[in-house]
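Trainee: my questions concern the predicted model and sequence given below.
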Amino acid sequence: MIWEPEARDGPARAGKLKVGAYEVETPALLAVVDPDPKKQLVPLDEMRRAGVQVIMTSAFIAKKKVGPTNLKERLGWEGLLYTDSGTFQAYSRGVRVDPEESVRYQISAGSDIITPVDLFSLPTDSKEVAAKKAEVSFRRWLRARELKEEVSAPVQGGLYPDVRAAVARRYSEAGARLLAVGGIVPLMEEYKFKELVNAVLPVLASRPPEAAVHAFGAGHPLAFPLLAFLGVDLFDSAMYAIAAREGRYLTPFGTFRLEELVMMREFPCDCPACSSLSPRDLLSMSEEERTKFLALHNLYAAIKMVKEIRERIVYGTFHKWAIAFAHSHPRLYEAFAEALGKWRGYFERERNALPKSPVPEGCELCDSSPERDPVGEGTYGTRELFNVIAKRAYGKGLSSEEPLEALRPPRASFSPRALRELCSVTLNSPPKGRAIRKKDLKEVNCLLRPNHEVLVLWEGGEAKAVSLVSFAELSLASEEAVALLLPPEGLHGVKLGGLVGRVEAGDHGG
């Protein structure tokens, strides 16, 4: 199991989570389903049509309802199945779950990703109690890894960032490739998004770049932009069904109750569930029909939000859009302010690439964002030396094993994480002039492919060449197109196979 990148906009990431033969585009929504298909509000066929790639179910509930069985066969699901141990459900009901028995049940049920039984952290736990629960959860994960490789690592720690950061580092050092932030459902239920930031960011700041992060129980579309902005890759939603049974209609900006909904003339949504009805039609439906309608709409609302987030990251407009979205709810705004204030170092220095989308000017949130200089200004310089061994992303070695300096525009920041997500370029032969044409490039391996990206050829911390086209344009260009333009003094002995780094292109688009 490994996560591979496709694009970034600040900490927000789009990529693919590879689990065995499955590839899941991230950010992704994990649709939580009932292990008994007869009680599932939205049929799995409808979920497939809506774009669901992964389903998730509780091993605790599955064992009680359907017993020993292959869950994929019972549900008729051919995609990826992720099982939760049911820690939260067991906690809610005051029931103890045997850790070893739960893991063995999940394996026998045919789950692709299993979850060990962790100890659920409460917001009221003392630091000592939270640390003990996190330690027990870690030991149980180690035991589960002895039985199956694809195991999510539940990160507990309550409201104590240092506890969560410490356990996240231990998981990462032990080889975890899927970190699941636990104990955050009570925070989201009460719209405590500021506290949510302080629970999630320590984990994100401590993960290796090849690991995905899952926010356990994050099911309301209102929270998705915030979590993606921080760098979360996976959300799971049982909220679509829970809210439907309570007569609630989810939107990206909040929730409408049934009595509010029927007063509207039109639905604030054009999903397949809403497009053929009006709110008044709900009055003539039976309770069962209304519940199924609400569940289908709620699921589509969540999926649509995740798809928009993913596309905006790839296109390079997510950061700006997320800042604007923060103003849609006071608690959300407070959370963004916390992230960009208290955790500013995470966005500026600690392992994250620069935002590609320019942020609006004059708002308080944007003022705490890192300053950036557009490439069009044309000045470059070395700002920081990172004593790290430069490696191609995710373990593939570069030709150079020497510590390298990161090149960045003035007042902008690069970071160790950016160094680990570099691309490589190989030239067919040493350049004879200032222009390096597409035909001169023997190989361009780039994992990050946004539409607006400027490539800078560098080695030893000194700029060597600036591309005249974006990566997307390069892929479509003719062989004679000039891809890189060298400075008048030439390469000065730059080795073939030099590195290509990413810098913000601003509105110049490469």
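Mentor: Sure thing, it's come through. The structure displayed is predicted, hence computed values, not measured ones.
Trainee: from here on, contacts and neighbour counts on C-alpha atoms
Mentor: Noted.
Trainee: quick one: the helices in the stretch 201-350 of the chain?
Mentor: Under the criterion DSSP state H, counting those that start in this stretch, helices of the stretch 201-350 of the chain are mapped to 224-230, 239-245, 258-261, 287-315, 318-325, 330-341, 344-348.
Trainee: show me what the third one is packed up against.
Mentor: Taking 3 or more CA pairs under 8 Å, 6 or more residues apart in numbering; DSSP states H and E as the contact definition, the neighbouring helices and strands of helix 258-261 are strand 248-251.
Trainee: partners of the strand it packs on in the sheet?
Mentor: strand 254-257 (antiparallel) (DSSP bridges).
Trainee: now do the contacts for Phe325.
Mentor: Pro225 (CA atoms under 8 Å, 6 or more residues apart in numbering).
Trainee: check Val103 too.
Mentor: 85, 114-117, 144.
Trainee: do Met263 as well
Mentor: Shown here is Met263, whose contacts under the criterion CA under 8 Å, 6+ apart are 279-280.
Trainee: what's the pLDDT at it?
Mentor: On the pLDDT scale, Met263 is placed at 91.
Trainee: what about the stretch 351-500 of the chain, any weak spots by pLDDT?
Mentor: Along the stretch 351-500 of the chain, the parts satisfying pLDDT under 70 run over 351-428, 430-431, 442-476, 485-500.
Trainee: the spatially closest residue to Pro99 that is not a sequence neighbour: which element?
Mentor: Leaving out its chain neighbours, the residue that sits closest to Pro99 by CA to CA, 6 or more residues apart in numbering is Val117, at 5.2 Å. Under the criterion DSSP states H and E, no helix or strand holds Val117.
Trainee: for Val117, the count of nearby residues, please.
Mentor: Here the number of neighbours of Val117 (other CA atoms under 10 Å) works out to 28.
Trainee: pLDDT at it, what is it?
Mentor: Reported pLDDT for Val117: 94.
Trainee: I figured it was touching Arg96, is that so?
Mentor: No: at 9.9 Å, Val117 does not count as touching Arg96 under the criterion of CA atoms under 8 Å.
Trainee: endpoints of stretch 93-104, how far apart?
Mentor: Terminal residues of stretch 93-104 lie 22 Å apart, using CA to CA, to the nearest Å.
Trainee: buried ones in that stretch?
Mentor: Neighbour-count burial for stretch 93-104 flags 97, 99, 102-103 (criterion: 16 or more other CA atoms under 10 Å).
Trainee: just checking, which of these belong to helices?
Mentor: 99, 102-103 (DSSP state H).
Trainee: and the protein, what are its domains?
Mentor: According to automatic domain parsing, the chain comprises the domains 2-341, 375-508.
Trainee: out of the helices of the stretch 201-350 of the chain, nearest to Glu210?
Mentor: Closest of these to Glu210 is helix 224-230, at 16.1 Å (criterion: CA to CA).
Trainee: that older thread, pick the most buried one from the domains of the chain.
Mentor: Highest mean neighbour count of the domains of the chain: domain 2-341, a mean of 20 (counted as mean count of other CA atoms under 10 Å).
Trainee: and that one, how far from the chain's centre?
Mentor: The chain centroid and the centroid of domain 2-341 are separated by 11 Å, computed with CA atoms, centre = their mean, to the nearest Å.
Trainee: before we move on, the earlier item: show me which of the ones in helices among the buried residues of stretch 93-104 is closest to Leu80.
Mentor: Closest to Leu80, out of all of these and judged by CA to CA, is Val103, at 17.4 Å.
Trainee: re the thing from before, rank the helices of the stretch 201-350 of the chain by mean pLDDT and give me the bottom one.
Mentor: helix 344-348 (a mean of 77).
Trainee: if we can go back for a sec, how about the helices of the stretch 201-350 of the chain in JSON lines, adding distance to Ser137?
Mentor: As requested, the helices of the stretch 201-350 of the chain are arranged in JSON lines below (distance: least, CA to CA, whole Å):
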{"stretch": "helix 224-230", "distance to Ser137": "23"}
{"stretch": "helix 239-245", "distance to Ser137": "25"}
{"stretch": "helix 258-261", "distance to Ser137": "40"}
{"stretch": "helix 287-315", "distance to Ser137": "29"}
{"stretch": "helix 318-325", "distance to Ser137": "33"}
{"stretch": "helix 330-341", "distance to Ser137": "27"}
{"stretch": "helix 344-348", "distance to Ser137": "26"}
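Trainee: of all those helices, which one is nearest Tyr91?
Mentor: Checking the helices of the stretch 201-350 of the chain against Tyr91 by CA to CA gives helix 239-245 as the closest, at 17.7 Å.
Trainee: which residue packs closest to Ala477, ignoring adjacent ones?
Mentor: Lys438 (7.7 Å).
Trainee: ok, Lys192 next?
Mentor: Going by CA to CA, 6+ apart, Lys192 has Arg331 as its nearest residue, at 7.1 Å.
Trainee: now do the same contact list for that neighbour.
Mentor: 191-194.
Trainee: and what of Leu179?
Mentor: 152-155, 168, 171, 203, 207, 211-214.
Trainee: so of these, which ones are in strands?
Mentor: Judged by DSSP state E, the subset of those located in strands is 153-155, 212-214.
Trainee: now distance to Trp343 and pLDDT too, for the residues you listed, in CSV please.
Mentor: Shown next, in CSV, are those (distance: CA to CA, whole Å; pLDDT from 0 to 100):
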residue, distance to Trp343, pLDDT
Ala153, 24, 97
Pro154, 22, 95
Val155, 19, 95
Ala212, 20, 96
Val213, 18, 97
His214, 20, 97
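Trainee: just send these back as TSV, with distance to Phe256 too.
Mentor: Compiled in TSV, the ones in strands among the contacts of Leu179 are given as follows (distance: CA to CA, whole Å):
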residue	distance to Phe256
Ala153	35
Pro154	32
Val155	32
Ala212	32
Val213	30
His214	27
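Trainee: looking at those residues, spot the one nearest Leu484.
Mentor: Taking CA to CA as the measure, Leu484 lies nearest Ala212 of the ones in strands among the contacts of Leu179, at 33.7 Å.
Trainee: so the closest one makes contact with Arg177?
Mentor: Yes: with contact defined as CA under 8 Å, Ala212 reaches Arg177; the gap is 6.2 Å.
Trainee: if we can go back for a sec, gap between the residue nearest to Ala477 and Ala481?
Mentor: With CA to CA as the criterion, Lys438 and Ala481 are 6 Å apart.
Trainee: and what of Arg48?
Mentor: Applying CA to CA to Arg48 and Ala481 gives a distance of 42 Å.
Trainee: Glu287 now?
Mentor: For Glu287, the distance to Ala481 - CA to CA - is 64 Å.
Trainee: after the helix or strand containing Tyr105, which helix or strand is next?
Mentor: With secondary structure defined by DSSP H and E, Tyr105 is part of helix 99-108. Tracing the chain past helix 99-108, the next element assigned as helix or strand by DSSP H and E is helix 127-147.
Trainee: helices or strands up against that next one?
Mentor: helix 99-108, strand 153-155, helix 161-173.
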